[in-house]
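Asker: Using only what follows, build the 3D model:
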Amino acid sequence: MKGFSRSLYSKSALGPSLIIAPLFLYLATAFQSNHPQSCSFSAKSKALRAMSSPIDDSHNSHGDEWTGGKSGSLERLCNISLRACMVMNPLISAIYNELVSTSDEPSITTVKPDNSAFTIADGLVQRMLVDILFSRVAFRGVVGEEDSAPVDQGKDTTWDQVQGLMIPHKLQPLVESTKESMKELAKSLDDAHSYHGITIFIDPIDGTREFSTGKGEQCSVCIGFANKYGTAVAGVVYRPLTPRPTWAAGAKCEGYAAFDLGETADAIAGGGLLTSNGSISPFLECLIDELQTKRIKSGGAGNKMLLLLERSLQLAKKEGDHVEGTPSNSLLYIQDRGVSRWDTCAAEAVLEAFGGKVLKLTHILDDEMNEKSGDESQGRYHYVASETNLDFVPERARLTKYNSIQSETIQLNQLATDVNQVKPYSNLCGLVALGKEWNSEKGLKLISETIHNAAKMNEPSFD
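Answerer: Predicted structure coming up:
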């Protein structure tokens with residue numbers, strides 16, 4: 001798709017770099033809250049405008065053009081987070097190149113007890129965000145995927161290793177320079193009191209399996225922000241390893257939505273259901289048949305959300321803002337297997353900032369959807385720092401190595417009967433992610449009917 005681009009130039013403490021950034025900003029013309037943790041979902045008036053001038057922040061190490069937005073706003077928080085992703089991009093790329101090359105350096109990847117992959121990029125990106133960027137502000141909570149290191153390793157206290165993995169010597173100067181740049185950027189968070197009700201959910205490398213197996217273009221950094229009620233209200237999803245970095249950011253309650261998505265989805269002809277690269281459940285196979293569409297394999301929840309969003313924007317550009325979705329022209333992301341809150345918080349907020357919708361699959365199956373209620377939180381996951389899973393439903397989800405607290409001793413596929421059996425941030429109720437073209441009474445009804453038909457033939461796995 002053409003017409004999404006303009007050139008922007010950026011220079012950070014890591015040295016000059018050219019960023020070709022197709023960028024549109026949807027900004028509220030009349031409303032921007034001073035209290036993002038409690039803002040309502042009422043911003044209606046939006047204006048489409050392009051960034052007015054190229055960025056050259058050589059005069060300012062903070063990069064004010066990339067940390068714009070009213071002080072204390074979610075927009076500013078998103079812009080600072082986006083800038084952080086750009087600062088970390090060279091380090092992420094260097095680690096990825098190290099992984100995919102034939103190297104004699106010590107191993108920089110391992111497998112966690114739940115059989116998921118872990119690399120030094122996961123550990124370093126999370127530490128850069130938690131220990132440096134967000135450390136100056138007393139957020140309500142910060143939750144990251146890599147918070148729980150193995151007991152025998154303890155918490156990292158130096159920057160030459162992460163969770164027992166040594167950082168290759170040749171990467172250490174880049175780690176140090178990235179740290180210094182992040183410290184400078186952290187000074188841009190100058191209104192600490194405005195964010196006391198915000199909880200941050202971080203997936204430092206969403207799609208680590210793909211990252212460690214040469215499919216880096218499917219990975220993303222996900223930084224989501226939830227208000228005091230546990231609603232995802234803002235976020236950034238950033239793909240560092242696409243041919244050039246691509247991203248989307250948004251905060252619906254401030255009428256803020258911005259993106260640089262390039263033409264990634266152009267490689268996908270027609271519509272389809274986005275799924276993982278691995279096996280899928282019989283329910284999803286039936287759903288694909290019911291939709292009369294095709295399966296599109298791709299890693300990472302954040303990446304799939306961006307693919308969906310890009311196609312949604314393409315449809316709106318081509319056919320108008322009131323285009324209706326069909327299985328032949330749209331991309332859908334419906335999942336009955338487990339992801340986690342850090343996978344979906346940022347992506348949910350971003351997609352909804354562009355007019356889309358993310359719901360629990362169980363919300364649709366249980367016929368709880370009521371579009372006339374006006375309750376925007378209905379059917380959504382709760383994003384709150386918690387010791388127990390706030391969306392747990394007894395005997396609904398099946399225990400797996402990914403969602404069980406006692407992953408090494410559980411009887412696989414047995415129904416979870418007690419909240420203490422499951423991890424606090426596992427998404428146990430499935431998800432349905434839709435672009436704006438489906439977010440209407442007619443579109444939601446069609447999706448609901450199709451899901452119910454597929455479930456009659458094969459029940460969702462919820463594992």
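Asker: how far is stretch 327-339 from where the chain is centred?
Answerer: Taking Cα atoms, centre = their mean, to the nearest Å, the mean C-alpha location of stretch 327-339 is offset from the chain mean by 15 Å.
Asker: in it, what counts as buried?
Answerer: Using 16 or more other Cβ atoms under 10 Å as the test for burial, stretch 327-339 gives 327, 329-339. From N, CA and C alone the C-beta is placed, and that goes for glycine too.
Asker: List just the nearest of these to P204.
Answerer: V339 (15.1 Å; Cβ to Cβ).
Asker: Surely the closest one touches L431?
Answerer: Yes - using Cβ atoms under 8 Å, V339 makes contact with L431 at a distance of 7.2 Å.
Asker: I'd like to know how many residues surround A138.
Answerer: Burial of A138 is recorded as 11 neighbouring residues (other Cβ atoms under 10 Å).
Asker: let me fix that: N453
Answerer: 14.
Asker: Okay, now the unreliable bits of the stretch 301-450 of the chain?
Answerer: Counting by pLDDT under 70, the stretch 301-450 of the chain has low-confidence residues at 368-378, 407-408.
Asker: Pull out the buried positions in the helix or strand harbouring R83.
Answerer: Following DSSP states H and E, one finds R83 within helix 74-100. By neighbour count on 16+ other Cβ under 10 Å, the buried set for helix 74-100 is 74-96, 98-99.
Asker: Now do it: distance to the chain's middle.
Answerer: Relative to the chain's own centre, helix 74-100 is displaced by 13 Å; criterion: Cα atoms, centre = their mean.
Asker: So what's the model's average confidence on that helix?
Answerer: Mean pLDDT, helix 74-100: 96.
Asker: could you list every residue that touches the nearest residue to A397 once chain neighbours are set aside?
Answerer: Leaving out its chain neighbours, the residue that sits closest to A397 by Cβ to Cβ, 6 or more residues apart in numbering is L428, at 3.8 Å. When contacts are counted by Cβ atoms under 8 Å, 6 or more residues apart in numbering, L428 touches 338, 389, 391-393, 396-397, 403, 416, 422, 462.
Asker: Can you select the buried ones among these for me in PyMOL?
Answerer: Entered in PyMOL, the line below selects the buried ones among those, by 16+ other Cβ under 10 Å:
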select buried, resi 338+389+391+392+396+397+403+416+422+462
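Asker: could you pull out the helices for the stretch 251-400 of the chain?
Answerer: For the stretch 251-400 of the chain, the helices defined by DSSP state H, counting those that start in this stretch occupy 282-291, 301-319, 341-353, 361-365.
Asker: Which among those helices is found nearest to A385?
Answerer: Closest among the helices of the stretch 251-400 of the chain, using Cβ to Cβ: helix 341-353, at 9.8 Å.
Asker: what angle do the closest one and helix 301-319 make?
Answerer: On the basis of axes from the mean of the first three to the mean of the last three Cα atoms, to 10 degrees, helix 341-353 is oriented at 10 degrees to helix 301-319.
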